[in-house]
Structures are given as structure tokens and as C-alpha cells.
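> just coords:
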């Protein structure tokens, strides 16, 4: 079973930006929606953003709306999560996964990657 691969995490100061990438096969990108989730120590994994497999429709959590953007160029490209105006509360491990179901429910997702750490310092 394909495991998605996240990259692009790191340490950044508050107010800064990072771009995460989620790499999947063309088949996965063509038939599955891709979602980003995050999990801080001691907390549940929560929805951040997702892009439908049609490549056009997106969903973004209220907590990051206006600061984070999810996109991809085509079915062959990674799914990007552009994060701007980062806050210390954005610090978490970020994961991507695939779904054919509702975009905001982590229980609908599979093919989870190992995650990439994002740390925002004050």
C-alpha cells in the first residue's frame, strides 16, 4: 500500500512562512483527495486542509483560513501546503493522507505518511 511522503518542515520564527509538500503517485492524486492534518504532543490529530481529487475544490480549517493554502499543479505534482503568518500554536507534526470520503474527518483517511515537524518560535 502506498505511503505518502511529507517534506518541507522545519524551524521558523513567528510571522514566517513554510511550504510543505506531500508526494503521492499519479494514480493516488487522480483518484483520491489529499488532506493535511497536524498533531501536537498530547493532542488529537486535527484537520488542516484538503484538496479534492478533481484538483479544484479545497477545504481549510477555520484556525488557518487566510494563512494556509493548499494546492497542486496537476496530478503529477505534489500537494503543497503553503503556510504564512505562522504562529507558535501552529507548532505540530504535519501529516498528509488520502481519502475518497469526507475531507475533514481523519477517520476517512489512509496511506498516512510519517509526517514532517513544523516548529514556530516566538
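Now that the structure is in, tell me what you want to look at. None of the values given here were measured: they were computed from a predicted structure. Numbers count the residues shown, from 1 in each chain.
> report the contact partners of the residue nearest to residue 93 when sequence neighbours are not counted.
What sits nearest to residue 93 in space, not counting adjacent residues and going by C-beta to C-beta, 6 or more residues apart in numbering, is residue 115, at 4.3 Å. To be clear about C-beta, it is placed using only N, CA and C from the backbone, and glycine gets the same treatment. The contact partners of residue 115, taken as C-beta atoms under 8 Å, 6 or more residues apart in numbering, are 6, 39, 93-95.
> need the pLDDT of residue 115.
The confidence metric pLDDT takes the value 97 at residue 115.
> quick check: the farthest pair among the contacts of residue 115?
Across the contacts of residue 115, no pair lies farther apart than 6 and 39, at 12.4 Å, counting by C-beta to C-beta.
> who has more neighbours out of those two?
More crowded of residue 6 and residue 39, by other C-beta atoms under 10 Å: residue 6, with 24 against 15.
> the host helix or strand of the more buried one: what's the following helix or strand?
Remark: residue 6 resides in strand 5-7, with elements defined by DSSP states H and E. Counting by DSSP H and E, the element after strand 5-7 in chain order, helix or strand, is strand 10-13.
> hmm, back to that, just want the phi and psi numbers for the residue nearest to residue 93.
Per-residue torsions, residue 115: phi 90, psi 160 (degrees, to the nearest 10).
> next one: it from residue 20, what distance?
Residue 115 sits at a distance of 10 Å from residue 20 (criterion: C-beta to C-beta, to the nearest Å).
> repeat that for residue 14.
17 Å.
> residue 30 now?
On the measure of C-beta to C-beta, residue 30 and residue 20 end up 21 Å apart.
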